[in-house]
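*Asks:* sequence and predicted structure are below.
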Amino acid sequence: MVYGDKWLPAVAVLQVLCIYGLSRAYLKTTENLYLAAGQPKIMTKINLLQLILMAVLIYPLTLRYGILGTGIAAAVPSALVLVITFHEAGKIIDKSFLAIVRTIVPAAAGSLIMLSLVLLLQQLISHLPPALVLVLSIGLGAVSYSVFIWLTQKEEIEEVRGLIGG
């Protein structure tokens, strides 16, 4: 958007890598759970499985789709082991896979609403300079997501405020 058309080929790869980053962030949250439960081997096995899946996929997908294939080879195993991770974490905390996923739904819904609003805004103001479109998009994204989370997660927000002394 700001850097010009020469960067357009990187957009698809960056979108795929966002999925990878999201998966890694969720995977990271469970690592301390495994350590606290005295089961670090679960974490090791899951990371090994992810590495094996990535190693199997990276060469053929890179040959077929180039750098996008490399991104897919990183994102797909990460997303797959996320399911296993939530299942294993659920066993430790005595929660079902669906109960764990349900905790993510409000944030995911807020993200989709934010995405929709930002894309709509970008269509409406596409005639403006790219840097301004970027700034306005970031602003709308931050405000819309924050409002959605505030409206749907008031109890959790208050709980966090209480924990930090606010």
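*Replies:* Looks like it arrived, so ask away. Residues are numbered from 1 along each chain as shown.
*Asks:* where does the residue of the chain positioned farthest from its centre land in three-state SS?
*Replies:* Most distant residue from the mean C-alpha position of the chain: residue 127, 30.3 Å away (Cα atoms, centre = their mean). Secondary structure assignment for residue 127 (DSSP: H, G, I helix; E, B strand; the rest coil): coil.
*Asks:* do you know how far it is from residue 135?
*Replies:* 15 Å (Cβ to Cβ, to the nearest Å). For every residue, glycine as well, the C-beta is placed using N, CA and C.
*Asks:* swap in residue 128?
*Replies:* Plainly put, residue 128 is 10 Å away from residue 135 if you go by Cβ to Cβ.
*Asks:* over to residue 69?
*Replies:* Separation of residue 69 from residue 135 (Cβ to Cβ) stands at 33 Å.
*Asks:* which residue of those two possesses the greater neighbour count?
*Replies:* Neighbours of residue 69 and residue 135, each counted by other Cβ atoms under 10 Å, are more numerous for residue 69; the result is 19 against 13.
*Asks:* let me see the domain layout of this structure.
*Replies:* Listed by automatic domain parsing, the domain ranges of the chain are 1-95, 104-166.
*Asks:* in whatever helix or strand residue 75 lives in, what counts as buried?
*Replies:* Assessed by DSSP states H and E, residue 75 sits inside helix 67-93. Using 16 or more other Cβ atoms under 10 Å as the burial criterion, the residues of helix 67-93 that qualify are 68-79, 81-82, 84-86, 88-90.
*Asks:* likewise for stretch 18-36?
*Replies:* Burial within stretch 18-36, assessed by neighbour count using 16+ other Cβ under 10 Å, is assigned to 19, 20, 22, 23, 26, 27, 30, 31, 33, 34.
*Asks:* torsion angles phi and psi at residue 37?
*Replies:* Residue 37 adopts backbone torsions of phi -80, psi 0, taken as degrees, to the nearest 10.
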